[in-house]
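Asks: Here is a sequence with its predicted model. Questions after.
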Amino acid sequence: MASAFQAPRIEGVAGLGDAAAVRHLPFVVALAAACAGAPGPTPSPAVTRPEVPVAERLASGTYFTTMLAPGLPDAEPWRAAAVWWREALRQSAAFTLAETRDPTLPGLELHLEPTAMTFVVFWRRGDERLPLAGGRIGSSLPAAIDQAAWSARLALGEAAPPPLPIDLGTTHDPALLSAIADARDLLRDGGIDPAYRLLRDQRRRDGAAPFLLDALAETLLLRGDAAAAERLCREALSYERRLLPDVQHRLARTLLLARASLGTGGGAATQDRELLRLGEVGHRERPFDPEPRLTLGIASNFLGEFAAAREHLTVVRAARPEAAIAAYHLGWACLGAGDAAAALAPLADAALRLPTAWVVLPRALALHESNHDQELEGMLTGLLADPANADAPFAHDVRRMLAAQALLRHDHDGARRHLLADFDWLLTHPLVLEKRAGEFAEQGAVLVRLGGSPRLLPLLTALQQQHPGAAVADACAFVGGMDAIASSPAGAAPALAALDRGADNVWHALLQAFLAECRGEIGTMQEQLARAARLSDSPMTKALLARGLLAGGRAAEGRQLLDTLRREMRRIDLRRPCQHPLLGPELAFAFLEPDAARVSR
């Protein structure tokens, strides 16, 4: 379930330095040969090194914002000047730029005079304005901005090398640049699909602009299309002469995340290690750029190094408070480090900008582990009350969590109510049921162990009348067989016959184990549970096996198995399906102590 930027979820969805640093990574070696570089726009005239004195030597890593003085015409190219200005300054390896304008921060203010065609740069701190440089705009506004940005960096004490001309690094088309900025604003506000459509439609204006392709690849990855994101990143990285340092780094990161999601290039573990290496190289070359820090945080999370991830992502959050991915991964890092309370705030922020299916699971875990039970129940029931979620696949997961929460609170009536509501939903959503048949079978087993319901048999009959596939048919036979055995062990024969196909079948083994349990035949029950455990990695099966050991007097073995199982269920591993007890009633049943899980029928 983990993919791309995502950690496990409920079912539903900075600069690296010079180009040579990226080429050290295996996946970039053949990019130039794989994709011929398309001709780019005519670059700005060469910018000569400005002769400016150091007006104020800023400390390395100084955090500031960028701004334009007001009064410019509301027309291109002046409307695009703010983006050119910010991106020209972002080439700095010495300072940290805020992603959006913040009037409380010090900043570099560019004054453009359209009539006189001149510019002046000021360093602003509070009410103080320190002039740094000035000049004429000439025939090219981007070239003047390159001159202004380079001059400002030198005047603030940075040993700044010649920059990449900013219209080459972004685009020569001011209307396109404004559209890309609008798409980035949409992404920051959670508008993934509108941002994708805008970028897709604007690509024709400058299809070889990595600045555009970077944003488009990110939206593709957020939409779950890892294959298209990978292809686009490979193409964009081949346009080496147009790569800004932070754009190059983001493209390399998106490429690795896409490859991890696709399982290519040695699988997710290999890509995660490459991602960590990418972050280390980027952070070494651009120590004050938040992008490599974000890469290090994501990679550390996927590698299970949660303390390191938390350190990196906390720094990114301070520099980029609007970055939803940083907030999302910081929440997971806090959960992995065992500090659920600290995960609440970043995950609440991430929920404002990321798809619901991404954030429900970590938010639910944080609330549960922080003992905010009422808030958790309110969040889950609120999701179900929203008509927009009525047919979303994660509605199934939300009901499963509500049933699990009730069971963990020993509210068996509430658990039965939520289980039956989920079965009603699955009856009208057969495609989800086909994909989740195993969960359905174990949910049915929990319902039977909770005392069953007179509604269960009619529900199973209705499901079977839909002519389901083999997986759902077996699940229905298994749950129906358990229900029949709970009433009378003599009722087992039809279901056992339906599931006995001459080969190992986990549901056949579990049904025989339940029959033996109801008859008090502990030895036979253990044999069948051991058989089922060889066929399935189900925590519920392991819990039943442990309880059988306890019943048979093998207390030390049974206790050890249960304790190990409970630790594993709560362990956070972002590269495997989460089996936390909150995620489903069968997981809650497995997590409970044997006496708490036992219900007399």
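Replies: Cool, got the structure.

Asks: now the chain, which segments are flagged as low pLDDT?
Replies: 1-47, 502-503, 596-601 (pLDDT under 70).

Asks: Which stretches in it count as strands?
Replies: Along the chain, the segments classed as strands by DSSP state E run 63-68, 96-97, 107-113, 118-125, 128-136.

Asks: deepest of those strands, which one?
Replies: Burial of the strands of the chain is given as mean neighbour count (mean count of other CB atoms under 10 Å); strand 96-97 ranks first at a mean of 23. C-betas here are computed from N, CA, C, even on glycine.

Asks: just checking, what packs against that one?
Replies: Under the contact criterion of 3 or more CB pairs under 8 Å, 6 or more residues apart in numbering; DSSP states H and E, strand 96-97 touches strand 63-68.

Asks: still on that earlier bit, let me have the strands of the chain in JSON lines, adding distance to Ala88 as columns.
Replies: Putting the strands of the chain into JSON lines (distance: least, CB to CB, whole Å) gives the following:
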{"stretch": "strand 63-68", "distance to Ala88": "9"}
{"stretch": "strand 96-97", "distance to Ala88": "10"}
{"stretch": "strand 107-113", "distance to Ala88": "10"}
{"stretch": "strand 118-125", "distance to Ala88": "11"}
{"stretch": "strand 128-136", "distance to Ala88": "13"}
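
Asks: which stretch among those strands comes nearest Ala260?
Replies: strand 96-97 (27.8 Å; CB to CB).

Asks: what does the closest one rub up against?
Replies: Residues lying outside strand 96-97 but in contact with it, judged by CB atoms under 8 Å, 6 or more residues apart in numbering, are 61-66, 86, 89-90, 288-290, 319.

Asks: ok, now stretch 577-590?
Replies: Stretch 577-590 is contacted from outside by 1, 8, 10, 361, 364-365, 368, 397, 400-401, 403-405, 407-408, 415, 418-419, 439, 442-443, 445-447, 449, 538-540, 542-543, 565, 568-570, 572, 591-592, 597, using CB under 8 Å, 6+ apart.

Asks: Please pick the buried ones from the residues you listed.
Replies: 8, 10, 361, 364-365, 368, 397, 400-401, 403-405, 407-408, 415, 418-419, 439, 442-443, 445-447, 449, 538-540, 542-543, 565, 569-570, 572, 591-592, 597 (16 or more other CB atoms under 10 Å).

Asks: Just these: which are in helices?
Replies: Secondary structure of the buried ones among the contacts of stretch 577-590 is defined by DSSP state H; positions in helices are 361, 364-365, 368, 397, 400-401, 403-405, 407-408, 415, 418-419, 439, 442-443, 445-447, 449, 539-540, 542-543, 565, 569-570, 591, 597.

Asks: Can you report how many residues lie near the residue lying closest to Leu198 once chain neighbours are set aside?
Replies: Excluding the flanking residues, the one nearest Leu198 by CB to CB, 6 or more residues apart in numbering is Ala183, at 4.7 Å. Residues lying near Ala183 (other CB atoms under 10 Å) number 24.

Asks: Look up how far Ala228 lies from Ala183.
Replies: Applying CB to CB, to the nearest Å, one obtains 16 Å for the distance of Ala183 from Ala228.

Asks: Surely Ala323 is in contact with Leu294?
Replies: Yes - counting by CB atoms under 8 Å, Ala323 sits close enough to Leu294 to count as a contact (7.2 Å).

Asks: Compare the two (neighbour count), which wins?
Replies: More neighbours sit around Leu294 than around the other of Ala323 and Leu294, counting by other CB under 10 Å; the figures are 27 against 21.

Asks: The closest residue to that one other than its chain neighbours and Ala195, how far apart?
Replies: Distances taken as CB to CB, 6+ apart put Val316 closest to Leu294, at 4.9 Å, once the chain neighbours are dropped. Counting by CB to CB, the gap between Val316 and Ala195 amounts to 21 Å.

Asks: who touches the residue nearest to Phe306 when sequence neighbours are not counted in this structure?
Replies: Ranked by CB to CB, 6+ apart and with sequence neighbours excluded, the top spatial neighbour of Phe306 is Gly336, at 3.4 Å. If a contact means CB under 8 Å, 6+ apart, then Gly336 has 301, 304, 306, 309, 572, 574 as its contacts.

Asks: I'd guessed the third one sits against Ala299; true?
Replies: No - here Phe306 does not reach Ala299: they are 12.0 Å apart, not a contact under CB under 8 Å.

Asks: Pick out whichever of the two has more residues nearby.
Replies: Ala299 (28 against 20).

Asks: any idea how far His412 is from the more buried one?
Replies: Relative to His412, and taking CB to CB, Ala299 is found at 43 Å.

Asks: got it, and Glu375?
Replies: Here Glu375 is placed at a distance of 23 Å from His412 (CB to CB).

Asks: wait, doesn't Pro245 sit right on Glu87?
Replies: No - using CB under 8 Å, Pro245 and Glu87 do not qualify as a contacting pair, with a distance of 10.5 Å.

Asks: what is in contact with these two at once?
Replies: Counting by CB under 8 Å, 6+ apart, Pro245 and Glu87 have no contacts in common.
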